[in-house]
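Have a look at this fold, sequence not included:
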């Protein structure tokens with residue numbers, strides 16, 4: 001019984017001494033500077049993104065055959081993360097051609113890694129959805145077909 005009392009007393013003392021070793025209780029802030037990053041407002045309909053696409057001509061009517069090819073590509077390459085009408089892992093795609101330039105859309109599809117590092121709008125999407133877009137290694141013509149599918153869907 002005396003041994004149990006000694007063990008309990010030692011445990012109590014050890015707890016007391018260890019809990020009192022917390023420092024002076026003063027201000028624990030560090031001297032690191034907080035960097036404020038200024039971000040300017042970006043008009044999404046002026047941003048072409050970062051990548052190989054600098055200009056896309058969409059002045060003509062919708063190419064139904066190209067849009068059909070884009071629909072198939074979207075189903076096979078994109079639907080794991082995107083739905084047309086609602087948020088999934090990534091944003092809903094309905095209305096994307098009203099929110100972003102054709103160049104931005106194609107650059108985001110073809111060059112997502114660099115876009116999330118360098119493009120402000122892509123960074124905002126990454127922060128909102130907490131998941132980077134997967135690079136599907138699509139060609140420019142495949143990406144253009146997906147854009148045409150989006151255009152057809154947004155009429």
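Cool, got the structure. Remember, it's a predicted structure, so these values are computed and weren't measured experimentally. Numbering: from 1, shown residues only.

I'd like to know how many residues surround residue 72.
With neighbours defined by other CB atoms under 10 Å, the count for residue 72 comes to 12. C-beta here means a position set from N, CA and C on the backbone, and glycine is covered the same way.

Leaving out chain neighbours, which residue sits closest to the residue nearest the centre of the chain?
In the chain, the residue lying closest to the centroid (CA atoms, centre = their mean) is residue 126, at 1.6 Å. Nearest non-adjacent residue to residue 126, counting by CB to CB, 6 or more residues apart in numbering: residue 116, 4.9 Å away.

The one you found: what's it in contact with?
When the contact criterion is CB atoms under 8 Å, 6 or more residues apart in numbering, the partners of residue 116 are 122, 123, 125, 126, 132, 133.

quick one: the helices in this structure?
2-19, 64-77, 96-99, 102-110, 112-118, 120-129, 140-153 (DSSP state H).

Go through the fifth one and flag the buried ones.
If you call a residue buried by 16 or more other CB atoms under 10 Å, then helix 112-118 has these buried ones: 112, 114, 115, 116.
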